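In: Sequence and computational prediction follow.
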Amino acid sequence: METIEAFKKIMHEQTEIALATSVGEIPNVRIVSFFYDEIKKCLFFSTFKGNQKIVEFQANPNIAFTTIPITSTSHVRVKEAQVHKSELTVYDVREKWTQKIPSYEENIKQAGAMLELYEIHFSEAIVILGMDSREIVQL
């Protein structure tokens, strides 16, 4: 499988990332659900308005993340990415969310008005398919 195809497969199948921020040289990692938009070439996730993550993004929009494997060790890792609030809302991307994670429909119904949508932009990703398979893809 070509590396770019493996990247797309992982981004389509895996549902969570470990999102790393750093402010004042203090790192912080948390797990969030996501979907990847191949057309916009960015990753979307949501968080509650006023959440600590937002404060950290505003202080330093440079982040890193790794997808969290479900059934194998294959994952995507990004070391240099930027996060910013999306101009879209969770309602605008509802179909993409629920296509990937059907249970997210309930989150949108119950808490949609309290959620903000964020985008992660990056141009390079490390695709890890096993102990001996690690390649960089340019997006």
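Out: Received the coordinates, thanks. Numbering: from 1, shown residues only.
In: tell me the contacts of residue 76?
Out: Each residue near residue 76 by C-beta atoms under 8 Å, 6 or more residues apart in numbering is listed here: 7, 10, 11, 14, 66, 67, 125, 126, 127, 128. In this view, the C-beta of every residue, glycine as well, is placed from N, C-alpha and C.
In: Just the closest of these to residue 36, please.
Out: residue 11 (3.8 Å; C-beta to C-beta).
In: and that closest one, what does it touch?
Out: Residues in contact with residue 11 (C-beta under 8 Å, 6+ apart) are 36, 43, 67, 76.
In: Next, the contact list for the third one, please.
Out: For residue 67, the residues meeting the contact criterion (C-beta under 8 Å, 6+ apart) are 10, 11, 14, 16, 17, 75, 76, 77.
In: just to revisit the earlier point, among the contacts of residue 76, which ones are in helices?
Out: Applying DSSP state H to the contacts of residue 76, the entries found in helices are 7, 10, 11.
In: all helices for the protein, in order.
Out: 3-13, 52-59, 94-100, 104-111.
In: Nearest approach to residue 139 belongs to which of these?
Out: Smallest distance to residue 139 across these (C-beta to C-beta): 8.0 Å, for helix 3-13.
In: just curious, which of the contacts of residue 67 is nearest to residue 58?
Out: Among these, and counting by C-beta to C-beta, the member closest to residue 58 is residue 17, at 19.8 Å.
In: I'd guessed that closest one sits against residue 36; true?
Out: No - counting by C-beta atoms under 8 Å, residue 36 is not a contact partner of residue 17; they are 9.8 Å apart.
In: got any residues that touch both of the two?
Out: Common contact partners of residue 17 and residue 36 (C-beta under 8 Å, 6+ apart): residue 43.
In: neighbour-wise, which of those two wins?
Out: residue 17 (27 against 21; other C-beta atoms under 10 Å).
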